[in-house]
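A structural model of the following input is requested.
(one chain, ligands or ions: 1)
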Amino acid sequence: MGADRKATAVVIGAGHAGLAMSRCLADRAVDHVVLERGEVANSWRTERWDSLRLLTPNWQSRLPGFGYDGDDPDGFRSVPEVVSFIDAYAEAISAPVETNTKVTSVSADGGGYRVATDRGDWIGKTLVIASGACNLAHIPKVAESLPSGIVSLTPTQYRNPDQLADGGVLVVGASATGIQLAAEIHRSGRPVTVSVGEHVRAPRVYRGKDIQWWMDKAGVQDERYDEVDDIARARKVPSIQLVGTPERSTLDLNTLRAMGIQLRGRLAGIREETALFSGSLRNQCALADLKMNRLLDTIDDWADESGLYGDVAPPHRFDPTEVDDSPPLMMNLAKENIKTVLWATGFRPDYSWLDLPVLDRKGRLNHDGGVITQAPGAYVMGLQFLRRRKSALIDGAGADANDLADHLVAYFKKGDAGKADDVSSHRGDAAVR
Ligand SMILES: Cc1cc2nc3c(=O)[nH]c(=O)nc-3n(C[C@H](O)[C@H](O)[C@H](O)COP(=O)(O)OP(=O)(O)OC[C@H]3O[C@@H](n4cnc5c(N)ncnc54)[C@H](O)[C@@H]3O)c2cc1C
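Residues are numbered from 1 along each chain as shown. All right, here's what the predicted structure looks like:
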């Protein structure tokens, strides 16, 4: 395969996160390569459903040195538009991307890292893992008890309702993915039941402004990982129930219920032909309503402090989530003609190629704000609440990449892992350029 190639930094993944890091490394004159198993924006090309639009408005897709310059800042990009946007970014920053280069293993090598690929090895003094937080759909263990004859599908396999058998669909999970797919499948004429666990409710528009506008302005998205009480918990919070549509409509459980979709509690088990739901639906919904109202309180406080009163509509609250008095705790899948179960139960990264002792017992990467302390000179990007609440969003990559690129430069300049500056000394919340 030829001689090893060398770079000061080897970045794995050419999604927006790897590219944002590439730009920040270039700004600091750090020679680097970005290794990508497919094409730039591969996840958006190969793992998303047809109708998906970003749930963040166009103005919010800000990357270092790049932003939205179209005439619809409040619109929501379709998947092909996201691909074009990320492609254009890679071109604008002349990112040194090696496409169709799959990383097959990463191991320690001297003071750096050997990154083996299907097109030869790279040696990096430092390493940035930007391979994505959502490579694999999480499927709960209960799926193993699904009766034969019922198709099990994940959101990464799902494209549109045409691929589904006629008959009922059980959507497990009611976060952004679950509610969007439940609504779409229901509109295709198939009866849909949604199993609802913990979820985060928010209106699309509040007081005349997009909820993301409020969360951005009020500093909610900038909340730092070392400022929250329980970061482990914060990193597990499900995605907000939101959808991006031209009508800017809210999609929550009340909307689904009004459409005729059945709501049930968390899927607790499957016994022969019967799905068993927990009795927690009412509590889960009450909790989500409470948390939504807390968010709206924060927004109202910020609006008052900022003197916005009069420029925006007055504060108000939304109807609580409506739940049946005693929703059924069982569903006979055969009798209800359920033909498909869609597991909208979250995503997780794939580190099967990572030969470094940096994973915990559950296979999660140990890191401190993106600094992989057990592997000096190694960093990770794009994970949920990595350094800020917005870290996993397109809009979060810039500030994180700036911080971590500073840390990386300090690390290799000192040439001594033990002396690397702590990232907290680079805390200055560098502005996205
Ligand atoms: C359904 C869905 C909807 C989302 N909607 C929004 C939204 O509206 N707004 C928003 O801001 N964010 C959204 N996100 C979150 C986030 O923006 C995306 O997950 C985004 O793709 C993450 O970018 P990334 O660069 O971190 O990872 P990815 O885009 O996944 O990029 C990682 C890259 O690494 C490559 N790679 C992985 N393994 C290897 C390997 N072994 N060798 C070489 N290359 C490898 C992959 O091919 C991929 O191109 C959404 C996520 C999902 C799943």
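
And the helices in the protein?
In the chain, the helices defined using DSSP state H lie at 16-27, 42-46, 79-92, 176-187, 211-217, 231-234, 253-259, 281-305, 397-414.

Can you give me the separation between residue 158 and residue 344?
From residue 158 over to residue 344 the distance is 9 Å, taken as CB to CB, to the nearest Å. (Each C-beta comes from the backbone N, C-alpha and C, glycine too.)

intersection of neighbour lists for those two?
Common contacts of residue 158 and residue 344 (CB atoms under 8 Å, 6 or more residues apart in numbering): residue 181.

ok, those two, which is more surrounded?
Comparing residue 158 with residue 344 by other CB atoms under 10 Å, the one with more neighbours is residue 344, at 26 against 22.

what residues are up against the more buried one?
Applying CB under 8 Å, 6+ apart, the residues contacting residue 344 are 155, 171-175, 177-178, 181-182.

residues from the protein in reach of the ligand?
Within reach of the ligand by CB under 6 Å from any ligand atom, the chain has these residues: 12-18, 35-38, 42-43, 48, 54-56, 102-103, 130-135, 177, 347, 353, 382, 392-395.

5 Å instead, please
13, 15-17, 36-38, 42-43, 54-56, 102-103, 131-132, 134, 353, 382, 393-394 (CB under 5 Å from any ligand atom).

Can you name the residues that contact the nearest residue to residue 382 once chain neighbours are set aside?
In space, and not counting its chain neighbours, residue 382 is closest to residue 17: 3.8 Å by CB to CB, 6 or more residues apart in numbering. Applying CB under 8 Å, 6+ apart, we find residue 17 in contact with 130, 132, 381-382, 397, 400-401.

possible to save those as TSV with pLDDT and distance to residue 234?
Below are these laid out as TSV (pLDDT from 0 to 100; distance: CB to CB, whole Å):
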residue	pLDDT	distance to residue 234
130	98	21
132	98	20
381	98	18
382	98	16
397	98	18
400	98	15
401	98	21
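
most tightly surrounded among the helices of the chain?
Of all the helices of the chain, helix 16-27 has the most neighbours on average by mean count of other CB atoms under 10 Å, namely a mean of 27.

what angle do that helix and helix 397-414 make?
50 degrees (axes from the mean of the first three to the mean of the last three CA atoms, to 10 degrees).

Put the alpha carbons of helix 16-27 into CSV.
What follows is helix 16-27 as a C-alpha-only set of coordinates in CSV (Å, rounded to 0.1, in the frame of the first residue of the first chain):
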residue,chain,number,x,y,z
HIS,A,16,-19.7,19.7,9.0
ALA,A,17,-17.9,19.0,12.2
GLY,A,18,-14.7,17.7,10.6
LEU,A,19,-14.8,20.5,8.1
ALA,A,20,-15.2,23.1,10.8
MET,A,21,-12.2,21.7,12.5
SER,A,22,-10.3,21.6,9.2
ARG,A,23,-10.9,25.4,8.8
CYS,A,24,-9.8,26.1,12.3
LEU,A,25,-6.6,24.0,11.9
ALA,A,26,-5.9,25.8,8.6
ASP,A,27,-6.4,29.2,10.3
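
so what's the one residue in the stretch 51-200 of the chain that gets nearest to the ligand up against?
Closest to the ligand within the stretch 51-200 of the chain is residue 132: 2.6 Å, counting by CB to the nearest ligand atom. Counting by CB under 8 Å, 6+ apart, residue 132 makes contact with 13, 15, 17, 43, 349, 382.

again, but for residue 117
With contact set as CB under 8 Å, 6+ apart, residue 117 has these partners: 35, 98, 101-104.

which stretches of this protein have low pLDDT?
Scanning the chain for pLDDT under 70 picks out 1, 416-433.

can you rerun that using 80?
Flagging of the chain using pLDDT under 80 yields the residue ranges 1-2, 309-310, 415-433.

Tell me how it divides into domains.
What automatic domain parsing lists as the domains of the chain is 5-135+349-424, 137-347.

relative to helix 397-414, how tilted is the biggest strand by length in the chain?
Among the segments of the chain that qualify as a strand by DSSP state E, the longest is strand 120-129. With the same axes, to 10 degrees defining the directions, strand 120-129 sits at 120 degrees from helix 397-414.

Could you check how far strand 120-129 is from the centre of its chain?
Chain-centre distance of strand 120-129: 25 Å, with CA atoms, centre = their mean, to the nearest Å.

how about it as CSV, C-alpha atoms only?
C-alpha atoms of strand 120-129 as CSV (Å, rounded to 0.1, in the frame of the first residue of the first chain):
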residue,chain,number,x,y,z
GLY,A,120,-3.0,3.1,3.3
ASP,A,121,-1.9,4.3,6.7
TRP,A,122,-1.6,7.8,8.1
ILE,A,123,0.5,8.8,11.1
GLY,A,124,-0.9,11.8,13.0
LYS,A,125,0.8,13.6,15.8
THR,A,126,-2.7,14.5,16.8
LEU,A,127,-6.2,13.0,16.0
VAL,A,128,-9.6,14.5,15.7
ILE,A,129,-12.6,12.1,15.7
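
Tell me which residues are up against that strand.
1-2, 4-13, 18, 21, 33, 35, 106, 109, 111-115, 354, 365, 372, 375, 377-381, 404, 408, 411-412.
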